[in-house]
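>>> Everything below, folded, please.
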Amino acid sequence: MPDAAKLALVTGASRGIGLEAAFALASRGFALFLAAEGTAEELAAAEAGCLARGAPAVAHGLFDLAEPGAAEAMVAAALDRFGRIDLLLNNAGIRCRKAFGTYTREDFARVVAVNLEAAFFASQAVLPAMRAQGAGRIIHVASQMGSVAAEENALYGLTKAALIHLTRNMAFELAREGIQVNSISPGPIATQFNLDTWGRQPGKLDTMVGRVPVGRMGEAREVAEAILFLATAEGGFIQGHDLVVDGGYIIH
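Predicted coordinates for the structure are as follows:
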């Protein structure tokens, strides 16, 4: 890895927003550590795509972030491979769509573990390295559902609202140490997962598009562009901000 290259650790990097974000960062010269719970083949393909886009170095690892200690092990693996982490992109997330009143404790524990605990403890784990470097950036991928209510989204929305608050509190505490913390809240994005999920419900896609003032679904690359902005913008005066990328979903 060239001395000038910065290292980005991206979770949920094997598909969707995480994959597009990794490609965008690679195109700007970041070295990458890609983490996901998908398959080794998916991560190998993601690694190849990053290298093809100019990343000076890429490594990857499979981690189930619902497991205690997995977030810390992931950070340790990235530091062992590259010796530094300049950007932590906490993108990994899962959903559990149920009517309120039907969630189990198992549902609650797993969604909170992946969507919130993993980001919390990964962020804590990178602090010593970022403090030693004198700078670092942490970006949490939240959701517009952290700001609005919707059917069958009580648990998912809870974790994303907590992630937005975590962003603000971390930013408040870490700003004077040169560590910049922000979040991104994507709206309805045309990832394959969303298209498959909504496509199984008659009329759901049309309903979702109807709620977006710009009249279409967003693309994962559009969220990746916003992530790239927060990852590369000069200076550190954007601090504790939740950048909503939702085509206007939450303004009405």
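>>> Only the buried residues of stretch 210-225, if you could.
Neighbour-count burial for stretch 210-225 flags 211-212, 217-218, 220, 222-224 (criterion: 16 or more other Cβ atoms under 10 Å). Glycine gets a C-beta too; all of them are placed from N, C-alpha and C.
>>> Could you list the low-pLDDT ranges of the protein?
Low-confidence segments of the chain, defined by pLDDT under 70, span residues 1-4.
>>> how about the helices in it?
Secondary structure of the chain by DSSP state H: the helices cover 16-27, 40-52, 70-82, 105-112, 118-133, 154-174, 192-199, 204-210, 220-232.
>>> can you put those in CSV and add distance to I250?
As requested, the helices of the chain are exported to CSV (distance: least, Cβ to Cβ, whole Å):
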stretch, distance to I250
helix 16-27, 18
helix 40-52, 30
helix 70-82, 29
helix 105-112, 21
helix 118-133, 21
helix 154-174, 12
helix 192-199, 17
helix 204-210, 13
helix 220-232, 15
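>>> Tell me which of these is the most buried.
helix 16-27 (a mean of 25; mean count of other Cβ atoms under 10 Å).
>>> could I have it exported to PDB, CA atoms only?
Taking C-alpha atoms only, helix 16-27 is exported to PDB below (Å, rounded to 0.1, in the frame of the first residue of the first chain):
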ATOM      1  CA  GLY A  16     -25.800  -2.800  -2.200                       C
ATOM      2  CA  ILE A  17     -24.800   0.600  -0.700                       C
ATOM      3  CA  GLY A  18     -21.700  -0.900   0.900                       C
ATOM      4  CA  LEU A  19     -20.400  -2.300  -2.400                       C
ATOM      5  CA  GLU A  20     -21.000   1.000  -4.200                       C
ATOM      6  CA  ALA A  21     -19.400   2.900  -1.500                       C
ATOM      7  CA  ALA A  22     -16.300   0.700  -1.600                       C
ATOM      8  CA  PHE A  23     -16.100   1.200  -5.400                       C
ATOM      9  CA  ALA A  24     -16.400   5.000  -4.900                       C
ATOM     10  CA  LEU A  25     -13.700   5.100  -2.300                       C
ATOM     11  CA  ALA A  26     -11.500   2.900  -4.400                       C
ATOM     12  CA  SER A  27     -11.800   5.300  -7.300                       C
END
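>>> Next, the residues that contact that helix from outside, please.
Helix 16-27 has contacts (Cβ atoms under 8 Å, 6 or more residues apart in numbering) with 8, 10-13, 32, 34, 36, 46, 49-51, 53-55, 58, 87, 89, 91-92, 141, 186, 189, 191-193, 220-221, 223-225, 227-228, 231.
>>> Next up, the contacts around the residue nearest to A161 when sequence neighbours are not counted.
Nearest residue to A161 in three dimensions, chain neighbours excluded: G146, at 4.1 Å (Cβ to Cβ, 6 or more residues apart in numbering). Listed by Cβ under 8 Å, 6+ apart, the contact partners of G146 are 157, 159-164, 185, 242.
>>> again, only using 10 Å
The contact partners of G146, by Cβ atoms under 10 Å, 6 or more residues apart in numbering, come to 115, 140, 153, 156-165, 167, 183, 185, 242, 244, 250.
>>> Check the gap between it and N115 for me.
Distance, G146 to N115, using Cβ to Cβ, to the nearest Å: 10 Å.
>>> Overlap in contacts, those two.
140, 156, 158-160, 162-163.
>>> Looking at the residues you listed, which is nearest L127?
L127 has its nearest neighbour among the shared contacts of G146 and N115 in H140, at 14.7 Å by Cβ to Cβ.
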